[in-house]
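Novice: Turn this into a structure:
(chains A and B)
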2 protein chains.
Amino acid sequence: MLNFYEDVAIGSRIDLGSWRFTSEDIIRFARQFDPQRFHLSEEGAAQTPFGRLCASGWHTACIYMKLTVARRDEAEKAARAGGTTLARLGGSPGFKDLRWIKPVYANDVIAYSTTIVDKRLSASMPEWGILSFLNDGVNQSGDKVFEFKGTVFVERRDKGA
Amino acid sequence: MLNFYEDVAIGSRIDLGSWRFTSEDIIRFARQFDPQRFHLSEEGAAQTPFGRLCASGWHTACIYMKLTVARRDEAEKAARAGGTTLARLGGSPGFKDLRWIKPVYANDVIAYSTTIVDKRLSASMPEWGILSFLNDGVNQSGDKVFEFKGTVFVERRDKGA
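Specialist: Numbering: from 1, shown residues only, chains lettered A, B, ... in the order given. All right, here's what the predicted structure looks like:
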């Protein structure tokens, strides 16, 4: 993710860090974007098949984004401090196959990571390569709770000249 | 979405309402979940290919969820007032092919809708049917900016007995 196309190895994995979903965070997110009763209170959740307060799936996804941006910002700072620059990334056109596999309950700690599963050169834009990745989130018991697949454009070191 | 499986016609479309993405909303969301410079300020965005302040793609998705829950809540109130109940919906296992097609700029108004594209009975759970839907968001110029595909379990009126 943070290197030029040529430097990225298929199978490499980037740890994005962990996040504890507190009750307060879960409820604040739900009030803004997903006010269903299993996301709003323990009492409400107890009356549903979830049984306990759990995070909106969109919240789980948004924290993936938050951690990804933080990781990238850290790497940019380190690169600047070292007098180098990072490869540019293109925007994201979207993604595929997002799965909410298990609930994320209050106080669960989710460890997020990105794994590079494929790479290829762009047919139309010689300065860019395309990385395919699988992102996931795993809880403190080792259960995968979240994943999605996507692609991102990344700058080539060799500009295809 | 709001009726029993038997009552849902393939091709039917549900209007979920519209949302204006103000600068304040865009920046508040970005600070929480996606602090990239094209989502944080007009000045920062002017230095990027986006040119102007635009919403995080995850923000566009979260507003879809907000409007969907509001629509469902309204329908439940109306049903209760009329002495009837709505079909139960199952949880969402995830979705496919989310696309951010065009940027959502500050003050854009996005109209969201759900279209039922297929339906089938659940092979394993006779009380439930499965609806396939395409959700999208269209801006004030008529350009589609956002879409994704998914499925949801919905209760059958005829319980498969």
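Novice: tell me which residues in the lengthiest helix in chain A are buried?
Specialist: Longest helix of chain A, by residue count under DSSP state H: helix A:57-81. Buried residues in helix A:57-81, defined by neighbour count with 16 or more other C-beta atoms under 10 Å in any protein chain shown: A:57-69, A:71-72. C-beta coordinates here come from the backbone N, C-alpha and C atoms, glycine included.
Novice: And stretch A:34-42, by the same measure?
Specialist: Quick answer for stretch A:34-42 (16+ other C-beta under 10 Å): A:34-36, A:38-40.
Novice: rewinding a little: the buried residues of helix A:57-81: which ones sit near chain B?
Specialist: A:57-58, A:61-63, A:65-66, A:69 (C-beta under 8 Å from any C-beta of the partner chain).
Novice: quick revisit: give me the helices and strands touching the longest helix of chain A, please.
Specialist: Judged by 3 or more C-beta pairs under 8 Å, 6 or more residues apart in numbering or on different chains; DSSP states H and E, the packing partners of helix A:57-81 are strand A:13-20, helix A:23-33, strand A:94-100, strand A:109-121, strand A:128-138, strand A:144-155, helix B:23-33, helix B:57-81.
Novice: Need the residues that contact it.
Specialist: Residues outside helix A:57-81 that contact it (C-beta atoms under 8 Å, 6 or more residues apart in numbering or on different chains) are A:1-2, A:14, A:16-17, A:19, A:21, A:25-26, A:29-30, A:33-34, A:39, A:85-86, A:89, A:98, A:100, A:104, A:110, A:112, A:114, A:135, A:137, A:145-146, A:148, B:32-36, B:56, B:58, B:61-62, B:65, B:92, B:94.
Novice: Run a quick neighbour tally on A:Gln157.
Specialist: I think there's a mix-up here, since residue A:157 is Arg and not Gln. 11 (other C-beta atoms under 10 Å in any protein chain shown).
Novice: For ChimeraX, write the select line for the buried members of the contacts of helix A:57-81.
Specialist: Command for ChimeraX, covering only those of the contacts of helix A:57-81 found buried under the criterion 16+ other C-beta under 10 Å:
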select /A:1,2,14,16,19,21,25,26,29,30,33,34,39,86,98,100,104,110,112,114,135,137,145,146,148 /B:32,33,34,35,36,56,58,61,62,65,94
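Novice: returning to that earlier point: now the helices and strands packed on helix A:57-81 as JSON lines including mean pLDDT?
Specialist: Output for the helices and strands packed on helix A:57-81, formatted as JSON lines (pLDDT from 0 to 100):
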{"stretch": "strand A:13-20", "mean pLDDT": "97"}
{"stretch": "helix A:23-33", "mean pLDDT": "98"}
{"stretch": "strand A:94-100", "mean pLDDT": "89"}
{"stretch": "strand A:109-121", "mean pLDDT": "96"}
{"stretch": "strand A:128-138", "mean pLDDT": "94"}
{"stretch": "strand A:144-155", "mean pLDDT": "93"}
{"stretch": "helix B:23-33", "mean pLDDT": "98"}
{"stretch": "helix B:57-81", "mean pLDDT": "94"}
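Novice: need the ones you listed in a markdown table with distance to B:Ile130, can you?
Specialist: Shown next, in a markdown table, are these (distance: least, C-beta to C-beta, whole Å):
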| stretch | distance to B:Ile130 |
| --- | --- |
| strand A:13-20 | 32 |
| helix A:23-33 | 25 |
| strand A:94-100 | 16 |
| strand A:109-121 | 28 |
| strand A:128-138 | 25 |
| strand A:144-155 | 21 |
| helix B:23-33 | 31 |
| helix B:57-81 | 18 |
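Novice: right, and these - which one's nearest B:Ser122?
Specialist: Among these, the nearest to B:Ser122 by C-beta to C-beta is strand A:94-100 (18.3 Å).
Novice: how far out from the middle of the chain is the host helix or strand of A:Phe38?
Specialist: Element membership of A:Phe38, judged by DSSP states H and E, is helix A:37-40. In terms of C-alpha atoms, centre = their mean, to the nearest Å, the centre of helix A:37-40 is found 23 Å from the chain centre.
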